[in-house]
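Trainee: predicted model follows, preceded by the sequence.
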Amino acid sequence: MQTKFDYYYNNVPGHGKCRNNLVYTSLISHDKKTFCQWYYNDKVYHSSQNKVIDPDLMQEKWNREVYFLSEMNNNYPEHLPQILDIDHKNKKIFLEIDGVDFWQKSCPKKQDYESVLQDWDNQMLEIFRAYKDLNLYKMSLHPSSYFVINGKLKSINYFFCYHEKEKTLKIKDVLSHISNERLKKLNPLIESKGIDINNDTLLLQAQHLALDSFKNNFPSTFIDKIKNLYV
């Protein structure tokens with residue numbers, strides 16, 4: 001790709017400029033038409049707050065990203081930004097976008113999603129129906145994991161995705177993917193559900209746990225609709 005890129009940050013109310021992702025390094029082209037997921041632990045971008053520092057874990061995240069992104073692209077390409085290139089050597093994925101992400105467009109302090117996309121909830125629900133049809137569990141649910149292109153919601157971030165055949169995960173193994181702010185919401189939920197982070201947790205239970213932790217980002221009634229898909 002010959003396009004010039006800058007680091008991509010989110011402007012978070014009360015915090016200012018923050019990393020768009022804790023695992024990979026986020027890049028955006030100068031014209032804001034291309035987004036790059038760079039699976040590289042860039043110390044400048046992560047400002048010594050690097051979460052995924054184990055190269056084997058980074059490789060696993062890259063493998064999941066490529067595999068599940070490809071599964072979605074083969075079956076439900078309408079729910080993804082157009083994939084411009086997958087550079088396996090440098091672990092970069094280039095996606096065609098149209099400006100900043102869905103959450104950043106929404107006036108983050110108010111999370112006014114309707115002002116960006118009137119039927120965002122129906123569109124997001126359709127995306128989750130696609131996941132369910134493919135027997136996928138997706139834990140990366142933040143509204144910044146979406147872009148809006150030509151009035152359609154497009155989903156990214158498949159590094160935190162699992163297939164039903166995997167059956168379980170250990171929560172302690174994925175804590176590095178989760179922000180400290182998210183953990184403050186997640187830990188009481190883990191305790192209330194009696195989950196031991198050192199033991200295997202069923203993917204269904206992990207999916208519901210992840211969804212419940214996002215009830216501050218989305219209407220509770222909407223989250224419950226998604227949970228009803230996973231029963």
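Mentor: Thanks, I have the structure now. In this text the structure is predicted, and so the values were computed from the model without any measurement.

Trainee: am I right that residue 109 is in contact with residue 15?
Mentor: No - in this structure residue 109 lies outside contact range of residue 15 using C-beta atoms under 8 Å: 11.2 Å. No exception for glycine: its C-beta is placed from N, CA and C like everyone else's.

Trainee: remind me what the helix or strand harbouring residue 207 packs against, helices and strands.
Mentor: In this assignment (DSSP states H and E), residue 207 forms part of helix 203-212. Contacts defined by 3 or more C-beta pairs under 8 Å, 6 or more residues apart in numbering; DSSP states H and E place helix 203-212 against strand 136-138, strand 168-170, helix 180-192, helix 220-229.

Trainee: strands of the protein, start to end?
Mentor: Ranges of strands in the chain, per DSSP state E, are 5-7, 9-12, 16-19, 25-29, 34-38, 83-87, 92-96, 136-138, 146-149, 152-155, 161-163, 168-170, 200-202.

Trainee: how far off centre is the worst-scoring helix or strand of the chain on mean pLDDT?
Mentor: Scoring the helices and strands of the chain by mean pLDDT, DSSP states H and E places helix 180-192 at the bottom, with a mean of 86. Computed by C-alpha atoms, centre = their mean, to the nearest Å, the separation of helix 180-192 from the middle of its chain amounts to 18 Å.

Trainee: only the buried residues of stretch 182-194, if you could.
Mentor: Buried residues in stretch 182-194, counted by 16 or more other C-beta atoms under 10 Å: 182, 185-186, 190.

Trainee: kindly reformat the residues you listed as a markdown table containing distance to residue 132.
Mentor: Below are those laid out as a markdown table (distance: C-beta to C-beta, whole Å):
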| residue | distance to residue 132 |
| --- | --- |
| 182 | 23 |
| 185 | 24 |
| 186 | 22 |
| 190 | 24 |
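
Trainee: what's the closest of those residues to residue 172?
Mentor: Set against residue 172, the nearest of those by C-beta to C-beta is residue 190 (10.6 Å).
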